[in-house]
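K.L.:
turn this into a structure:
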Amino acid sequence: GLLRRAKIFLSPWGFGEWSLKDEEAVLSGAVVLKPGASLLRSLIPMYLPDETCLDLRADGRDMGEVLAAALAASNASRLERIQARAYKEQRAYVSYGSAVKVPELVSVWAELIGRIRDG
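P.N.:
Residues are numbered from 1 along each chain as shown. Down below sits the predicted model:
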């Protein structure tokens, strides 16, 4: 489909910063362009500017500049490097069996469940 042909996927915030489409885009081969990515913290390392995504000012003022630089022929290897790292990081969390092998993730979930249980 269209997403498999995309090089860059612009993913604005909706009701929060994360979107399932971010993961779908990465697993389909696109690089996520995320407003305010440098402000985000995630257990899944998917919002690391210039490592697993492209960063954009939260107000989008630099969108043209960021896109032009990312799509420049001279930056093709940069885009490929970002996509490969993002894909690798995302694959580690695709299945439940893989995710539960990440101690930090299990710890955070255990703490959350404990808080819910204890009210």
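K.L.:
flag the shaky bits of this structure, pLDDT-wise.
P.N.:
Scanning the chain with the threshold set as pLDDT under 70 gives 96.
K.L.:
what segments of it are helices?
P.N.:
Counting by DSSP state H, one finds helices in the chain at the ranges 2-5, 20-27, 63-71, 76-91, 96-99, 103-118.
K.L.:
those helices into JSON lines, with extra columns for distance to residue 34?
P.N.:
For every residue, glycine as well, the C-beta is placed using N, CA and C. Below are these laid out as JSON lines (distance: least, CB to CB, whole Å):
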{"stretch": "helix 2-5", "distance to residue 34": "16"}
{"stretch": "helix 20-27", "distance to residue 34": "7"}
{"stretch": "helix 63-71", "distance to residue 34": "11"}
{"stretch": "helix 76-91", "distance to residue 34": "11"}
{"stretch": "helix 96-99", "distance to residue 34": "21"}
{"stretch": "helix 103-118", "distance to residue 34": "21"}
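K.L.:
present those as JSON lines; the columns should include mean neighbour count.
P.N.:
Supplementary listing: the helices of the chain in JSON lines, determined by neighbours: other CB atoms under 10 Å:
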{"stretch": "helix 2-5", "mean neighbour count": "10"}
{"stretch": "helix 20-27", "mean neighbour count": "18"}
{"stretch": "helix 63-71", "mean neighbour count": "13"}
{"stretch": "helix 76-91", "mean neighbour count": "16"}
{"stretch": "helix 96-99", "mean neighbour count": "10"}
{"stretch": "helix 103-118", "mean neighbour count": "10"}
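K.L.:
tell me which of these sits nearest to residue 51.
P.N.:
helix 76-91 (5.7 Å; CB to CB).
K.L.:
now the closest one against helix 20-27, angle please.
P.N.:
Angle of helix 76-91 versus helix 20-27, following axes from the mean of the first three to the mean of the last three CA atoms, to 10 degrees, is 120 degrees.
K.L.:
packing partners for helix 76-91?
P.N.:
helix 20-27, strand 31-35, helix 63-71 (3 or more CB pairs under 8 Å, 6 or more residues apart in numbering; DSSP states H and E).
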